[in-house]
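Undergrad: Structure, please.
(one chain, ligands or ions: 1)
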Amino acid sequence: MALVAGPGRAGGTSDLELHTMKHVAYIKTLDTRSDELQYWLTEHLRLNGVYWGLTALHLLGHPDALPRQDTIDFVLSCQRDNGGFGAAPGHDAHMLYTVSAVQILVTIDAVDELDQRDRGGKQKVGSFIASLQDRETGVFKGDEWGETDTRFLYGALNALSLLGLLDLVDVPKAVTYIQSCENFDGGYGISPGAESHAGQVFTCIGALSIAGRLDLVNKDRLGAWLSERQVEKGGFNGRPEKLPDACYAWWVGTSLAMIDRLHWIDRNKLAAFILQCQDPEAGGFADRPGNMVDVYHTHFSLAGLSLLGVVDGLQEVDPV
Ligand SMILES: [Zn+2]
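TA: Alright, predicted model coming up:
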């Protein structure tokens, strides 16, 4: 997938700088706040949180800021007997946490750890993911209780492709399902007939990219809908008439990158909006300027900035 390269870096955003070390410090402190109520209120997101924080540190060029062995031990402590992963130790296995676990292990080159301690290796993780595909429609469930969503379909293809196990599922059926979620405006929804939403566009285009079937996308029509997500302030919204939010820099921007239409938006204006969402004192990014920061928006803001290629000091990100 083509990435935005050098030309244009730093152009037009010189009044706004990236506070790299503040962000590194902010993410590192998240691990030491177990005495705060907020820590326990977010237990259902703990494994996702580690993925967001770890990836943000890699994008910032500080991949070793979290202790590697502690990270591996925590991830493995979330694995269940069925091969899937829960949000935290003792939680039920779910697609979203299993995808985060795979992404973390791949990022720190620790997939082999799944073969240790009688865990059944990556094959067992792949089997858990494959067991969640509806073989009639091609879509995936999040867990044994059966809710389906294009997010789970993308997550499944993402994790299985990282593990080299895509052959465990029916990829052509999954592709057919995604096509059934395409709307007349060029966007995609959570299920057939559902309203277009930028987050779902990312999951559908990402899945089609992994499946090697971007040829099925009407790129000009989708590119037009995605470009219209940029509002006056430079940020993106997820649907028409909604407020801009820094995380949509990623959901919209990466979708545009995957269909080679990232040059259809004002990259400098978007980067300026994202940088305004920083907390320049305490570190981290919020959804909008002046709001409270969180690790989710910190990760997606940095990923969005990396994708745009107009700010120095970030590692390049793969849109898929
Ligand atoms: Zn957001």
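Undergrad: Can you confirm whether stretch 52-59 lies near the ion?
TA: No: applying Cβ under 5 Å from the ion, one finds stretch 52-59 separated from the ion by no less than 12.0 Å. C-beta: built from backbone N, CA, C; applies to glycine.
Undergrad: For that stretch, list the C-alpha coordinates in PDB.
TA: Extracted C-alpha coordinates of stretch 52-59, given in PDB (Å, rounded to 0.1, in the frame of the first residue of the first chain):
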ATOM      1  CA  TRP A  52      -3.200   1.400  21.500                       C
ATOM      2  CA  GLY A  53      -0.500   2.500  23.800                       C
ATOM      3  CA  LEU A  54       2.200   0.200  22.400                       C
ATOM      4  CA  THR A  55       1.400   1.100  18.800                       C
ATOM      5  CA  ALA A  56       1.500   4.800  19.700                       C
ATOM      6  CA  LEU A  57       4.900   4.400  21.200                       C
ATOM      7  CA  HIS A  58       6.100   2.600  18.100                       C
ATOM      8  CA  LEU A  59       4.800   5.400  15.900                       C
END
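Undergrad: What are the contacting residues of that stretch?
TA: 23-24, 27, 30-31, 63, 65-66, 71, 103-104, 107-108, 295-296, 298-300, 302-303, 306, 314-315, 317 (Cβ atoms under 8 Å, 6 or more residues apart in numbering).
Undergrad: do the same with stretch 152-167
TA: Residues contacting stretch 152-167 (Cβ under 8 Å, 6+ apart): 95-96, 98-99, 102-103, 106, 111, 122-123, 125-126, 129-130, 132-133, 138-142, 168-169, 171, 174, 177-178, 202-204, 206-207, 210-211, 320.
Undergrad: and it, how far from the chain's centre?
TA: Put simply, stretch 152-167 sits 14 Å off its chain's centre (Cα atoms, centre = their mean, to the nearest Å).
Undergrad: If we go by neighbour counts, what in that stretch is buried?
TA: Buried residues in stretch 152-167, counted by 16 or more other Cβ atoms under 10 Å: 152-163, 165-166.
Undergrad: Repeat that for stretch 18-34.
TA: Buried residues in stretch 18-34 (16+ other Cβ under 10 Å): L18, H19, T20, K22, H23, V24, Y26, I27, L30, D31.
Undergrad: wait, isn't the first one in contact with L308?
TA: In other words, L18. No: proximity of L18 to L308 does not meet the contact threshold set by Cβ atoms under 8 Å, at 11.7 Å.
Undergrad: Assign a three-state SS to the closest residue to the ion within the stretch 1-150 of the chain, would you?
TA: Going by Cβ to the ion, the ion is nearest to W52 of the stretch 1-150 of the chain, at 12.0 Å. Of the three states, W52 takes helix according to DSSP: H, G, I helix; E, B strand; the rest coil.
Undergrad: check contacts around I108.
TA: By Cβ under 8 Å, 6+ apart, the contact set of I108 is L54, P63, R68, T71, I72.
Undergrad: Relative to F202, how far out is whatever residue of the chain ends up closest to the ion?
TA: Using Cβ to the ion, C247 is the residue of the chain that sits closest to the ion, at 3.3 Å. Separation of C247 from F202 (Cβ to Cβ, to the nearest Å) stands at 10 Å.
Undergrad: tell me how far stretch 286-297 is from the chain's mean position?
TA: Remark: stretch 286-297 is offset 16 Å from the chain centroid, using Cα atoms, centre = their mean.
Undergrad: For H23, identify the helix or strand it belongs to.
TA: Using DSSP states H and E, the element containing H23 is helix 20-30.
Undergrad: now for that helix, which elements pack on it?
TA: The contact analysis (3 or more Cβ pairs under 8 Å, 6 or more residues apart in numbering; DSSP states H and E) places helix 20-30 against helix 46-59, helix 295-308.
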